[in-house]
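Chemist: Attaching a predicted model along with its sequence, questions to come.
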Amino acid sequence: MKRVQYRPDALIEVLHVAQESYGFLSEEILHVIARSMSVPESQVFGVATFYHFFSLRPKGEHSCIVCTGTACYVKGAGEIVTVLEKAYDIKAGETTPDGRLHVGAARCLGSCSLAPMLTLDGKVLGNETADSVLEQVRGLLSGGESGREMR
Amino acid sequence: MNRAELDQLRDRARQAKGEQRVRFLVCYSTPCLSSGAPAIRAALEEGIAEEGRKGEVAVVATGCMGPCSRGPRVTVQHRGGQETAYERVTPEMARVLLRRHAADEEGPPEHVLAPDLPYFTRQTRWVLENSGRVDPENIADYIGRDGYAALGRALHEMTPEEVCEAIARSGLRGRGGGGYPTGLKWHLVRKARAERKFVVANGDEGDPGAYMDRTLMESDPHKILEGMAIAGYAVGADKGFIYVRGEYAVAAKRLEKAIRDAERLGLLGARVLDSSFRFRIDLRLGAGAFVCGEETALMNSIMGGRGNPSPRPPYPAQRGLWNQPTLINNVETLGAVAPILRHGPEAFAAIGTAKSKGTKIFALVGEVRTAGLIEVPMGITLREIVEGVGGGMSEGETFKAAQTGGPSGGCIPREHLDTPVDYESLTALGSIMGSGGLIVMGQKSCMVDVAKYFMDFCLDESCGKCIPCRAGTVEMHRILERITSGSAVEGEIERLEELCALAREASLCGLGATAPNPVLATLRYFRDEYHAHIREHRCPAGVCRFTDVPREHLGDRQAAQMQSARSEMEGI
Amino acid sequence: MSVITLTIDGHLVSGRAGQSVLEVSRDAGIEIPTLCWLEGLSPWGGCRLCVVELKGEQRLFTSCTTVAAEGMHVVTRSARLENYRRMLVELLLAERNHYCAVCVVDGHCELQSMAARLGVDHVRFDYLNPPLPMDISHDLFGLDHNRCILCTRCVRVCDEVEGAHTWDVRGRGTTERVVIDLDRPWKESTSCTRCGKCVQVCPVGALFHKGVTVGEMVKDNSFLMDIIKRRRSAQPFVERRRS
Amino acid sequence: MTNSTEERKIRLATVWLGGCSGCNMSFLDLGELLIDLSQRTELVYGPFTDIKAFPKDVDITIVEGSINNTENLELYREIRQRTKIVVSFGDCAVTGNVSSLRNVLTPEEVLVQSYGHVPGDPPYGSEASEVLPRLLPKSYPLHHVLPVDAFIPGCPPDPERTWPALLALLEGKRAEPAPEERSFG
């Protein structure tokens, strides 16, 4: 915050940095940011919840973000999401109750030529099917072969 | 640095390049990065070191080379100018390539991309001239290809008015989708009187299925910076913001480095190229909001607020960032600026059609053989793009429609394949040029489902400020959901059309106003598909599952159950 | 102050330069329907009810944000505009849970009377029925998200007039909601001054006094212009005292 | 009174679907006007008659309440088939109103909330599901299921707004209430 001289127009930059450092934006963090930048708390909250990038809750241990951009969608990304949702009984954007897996749907990860594609703990996988994804996620969660490889 | 020093730097860069006998260009753009480019680079560097060929053989991590569906891509250049392009390269193959090209060993010519592939021959590379040719993280590479020469010319040989005039003469129009004449916009901001002015490069590319801007920023960041600086000089701004979509980490990193490098060399900063022109650029990272591609929302976001758009007028050219006149251009538009000044506005205007000049970058994806980023002259027909550049439809697919303009655009059916691609023709077909997403769909795509997909996108991305967009998109999506699930009744299409008209005319910003486009376009060309869904509960593409019934029949299942229970009891 | 002349619905009217089309129109006795606009607060342009047609322009303009200009031809009433306005109100009624019959502002509600005025006797669109909470933690006031139309009058009055900025909007699209501080229960707000301005400017039953029952909550926002006028005239007085 | 009504009285029905019967009560508040009404119309069905089946060839049916369950739905389908002019009468029929307060819950949750937390045995099991009409996923206003010809909002609509609307319909005109007579609530 010092770097941006507490300028209120740098609020988004500050939130970016905070999320990077702490993984998510807790109430405490938001409070501190509001205080030190002299921005009303409700405004900080409004900005933090406007953008999909910011998360107010801790993310899961593992994350699987499926691209649902147009190219991926027409090539079956919807089915991948549905299968994952069913398998782990959560909705896209949620984390399993045990905090182990976060399933997300991204608007477009910009690798349309690899459609349908997704990222598994940050690693990009392309040309996938629902079954192949499920298999890899299972492997990851059970800490199996593919899981270790991912690391 | 002054202009003479810039020239020296350029010559030195060229000379250094000339000393290398073989150059391995490895595509380091997101799709290739994710399909294994770093391992290939590592394998090549290792091989070079082992064989002691440092100096004569070089590995360059470049930007996008094009056919992204065939990545990872590698291009090998020999000093004589001879070039070979490879597709789907593996680290093992990289070692083979190294031996073949650097040690002149014979090897099987596998994975070679034919140089006469229509994908290459039918393109006109203008904005993408350096993409896949230079190392985006090396400013000398850019300067070696006449980088920043246009800025030098503008600052030392032209008045701001002349620069605006040159852009106007080139016929360049906004590449973000709107198609507003760029020169006119520059003139407006130039003429506005104010204490300060700003230039904003809009790199918040949000259309799903499009990645032109990302590629440009990743592959040739300095070209955008140069374009911004020229724009700043032309309109009288001393500060620029480049707003990059939050998802584009690679682009942001490269731009940040490019800004630092340019500042260090005096190509940005207090005295640009030894002139009295002062210009600094700040990078702003988006945080996941499609609506921020709308210029007033983008400005609110730059100022640290929620990305809600504001009613226009006032337009940014009158009152933008911090209430000062602000020039907002898409990064692709700015990417065309330096080449225009270098080659002359007339050369640019000679390409394209009467009203749409120059070239346009498209992200050609979907059911085509060769998918990837392409730059083609305006006025090229859709058929040439799909069948020529794209190499035709993928195996077993026949063309049904092409979607342009993303969630704000529409689709173009088979019967209009020969339409020239320019702003006016696409608009006449009910689609838009948009930022350049071009998704080719085959018979397995359901047009109602596609319309629903885009509506889902819009309702999710609606900022929520105005009712037609916030609530209207939800109702439109509901109707589409009913049509695809089998619970729709007669009259729903008409209600959908009424909502489309409302959103189009009464929404606050472009997101809401264009949200109905995919629906209207599919209704226009594929109305019978809608009817098949509603009247026959049949999805011609076989996508929709009709799991629901109209409300009137909600009780039927239970009535039948009770009937059978009753007859069972009677049987006893 | 320069005077401008324009035509509104065929009448030649005059206004002051810098006034919005809406203000000029109201001064001339021509009412334009509004929900998010409130005299004394900055214009928001969200509800879109005040859209008008401008001669020579294809698209519609919100009269609350458009500055009146010399020679403008404004149409505030047409079949097209009335139809859109009706649909906008229908969309609002469908979006959340507006059960007029059991609402604290039944009979005194701007949305309810707007619907009646525009001829909305039924809503064609599907009711979304979102499950939304209430906040009745505060000892004086209550917040019912079911009734909120997101006009942001509360946000603006709190920021612009009271200066507390307790309210803002969280989320976006259909997930948008008014929010207190860091989404705290009202009782625990550290910035709220308990002035109640937000309650009085709220056009619907989203903000109310606790203890009122169906139809008992009557809003009175006449204080707003009093404060604003006083503030304008108080300025020189303060300066006088300083010197 | 015209000749045609003397020849054949207008066949009028009132129906009580998913509502509290308040609208039908308010209908009775027409008071003396009911005499006037009875001279022009024949009441062929309603909570005030003992007729079991919904008759055929009805001219005007005034429907109170929303569509809550399969019984409401079945009856409403019959009404729509057998009536020329269907009038959505009162807020529940027009908007869902109080009946639709349950729409934020699933039908199962509604049953648990209503019967599970009070004394007595909840109507569970196969017996209940065979005998009782099943709740629909949501409570719907009439026109969200099948088309409606006229709307008289109000909770309940008072005689001052019911009578002019009814009079217009009896005379074969459209019911177009004044702005103050068409508000919800």
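Modeler: Nice, I can see it.
Chemist: Near the residue nearest to A:Tyr88 when sequence neighbours are not counted, how many other residues are there?
Modeler: In this structure, A:Tyr88 finds its nearest non-sequential neighbour in A:Thr96, 5.4 Å apart by C-beta to C-beta, 6 or more residues apart in numbering or on different chains. In this view, the C-beta of every residue, glycine as well, is placed from N, C-alpha and C. A total of 16 residues lie near A:Thr96 under the criterion other C-beta atoms under 10 Å in any protein chain shown.
Chemist: List the residues that contact A:Thr96.
Modeler: By C-beta atoms under 8 Å, 6 or more residues apart in numbering or on different chains, the contact set of A:Thr96 is A:60, A:88-90, A:102.
Chemist: which SS state does the nearest residue to B:Gly147 once chain neighbours are set aside fall under?
Modeler: For B:Gly147, ignoring the flanking residues on the chain, the nearest one in space by C-beta to C-beta, 6+ apart is B:His222 at 5.5 Å. Following DSSP: H, G, I helix; E, B strand; the rest coil, B:His222 is assigned to helix.
Chemist: right, and A:Ser111 touches B:Ser34 too?
Modeler: Yes - A:Ser111 is within contact range of B:Ser34, at 5.8 Å (criterion: C-beta atoms under 8 Å).
Chemist: the more surrounded of those two?
Modeler: A:Ser111 (28 against 21).
Chemist: Output the below-cut-off pLDDT ranges for chain D.
Modeler: Where chain D drops to pLDDT under 70, the residues are D:1-7, D:118, D:120-130.
Chemist: If we ignore the residues flanking it in sequence, what's nearest the closest residue to chain D within chain A?
Modeler: At 16.3 Å from chain D, A:Lys91 is the closest residue in chain A, using C-beta to the nearest C-beta. Nearest in space to A:Lys91, with sequence neighbours left out and distances taken as C-beta to C-beta, 6+ apart, is A:Glu85 at 5.9 Å.
Chemist: repeat for B:Val519
Modeler: B:Ala451 (4.7 Å).
Chemist: That neighbour: how many residues sit nearby?
Modeler: Neighbours of B:Ala451 (other C-beta under 10 Å): 29.
Chemist: how about the residues of chain B near chain C?
Modeler: By C-beta under 8 Å from any C-beta of the partner chain, the residues of chain B that approach chain C are B:289, B:291, B:306, B:310-311, B:313, B:459-468, B:470-475, B:478, B:495, B:498-499, B:502, B:505-508, B:513.
Chemist: same question, chain A
Modeler: A:27, A:30-31, A:34, A:40-46, A:49-50.
Chemist: same deal with chain D?
Modeler: Counting by C-beta under 8 Å from any C-beta, chain D sits next to chain C at D:88, D:91, D:94-98, D:100-101, D:103-105, D:138, D:141, D:143-144, D:148, D:151-153, D:155, D:177, D:179-180, D:182-185.
Chemist: which of those are buried?
Modeler: Among these, those classed as buried by 16 or more other C-beta atoms under 10 Å in any protein chain shown are D:88, D:91, D:94-98, D:100-101, D:103, D:105, D:138, D:141, D:143-144, D:148, D:151-153, D:155, D:177, D:182-185.
Chemist: Smallest distance to chain D belongs to which residue of chain B?
Modeler: Closest point on chain B to chain D, by C-beta to the nearest C-beta, is B:Gly555, at 3.6 Å.
Chemist: Could you dump the contacts of A:Thr96 into a markdown table with secondary structure and distance to C:Ser137 added?
Modeler: Shown next, in a markdown table, are the contacts of A:Thr96 (DSSP: H, G, I helix; E, B strand; the rest coil; distance: C-beta to C-beta, whole Å):
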| residue | secondary structure | distance to C:Ser137 |
| --- | --- | --- |
| A:Gly60 | coil | 31 |
| A:Tyr88 | helix | 35 |
| A:Asp89 | coil | 33 |
| A:Ile90 | coil | 30 |
| A:His102 | strand | 31 |
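Chemist: Now list the buried members of those.
Modeler: A:60, A:88, A:90, A:102.
Chemist: Report the lowest-confidence entry in those residues.
Modeler: Within those, pLDDT reaches its minimum at A:Gly60, with 79.
Chemist: Show me the helices in the chain, by range?
Modeler: Answering for chain A, as no chain was given. Counting by DSSP state H, chain A has helices at residues A:11-22, A:27-37, A:41-50, A:70-74, A:77-88, A:130-141, A:145-150.
Chemist: To clarify, I was referring to chain C.
Modeler: Using DSSP H, the helices of chain C run over residues C:21-27, C:79-95, C:110-117, C:153-156, C:197-201, C:223-242.
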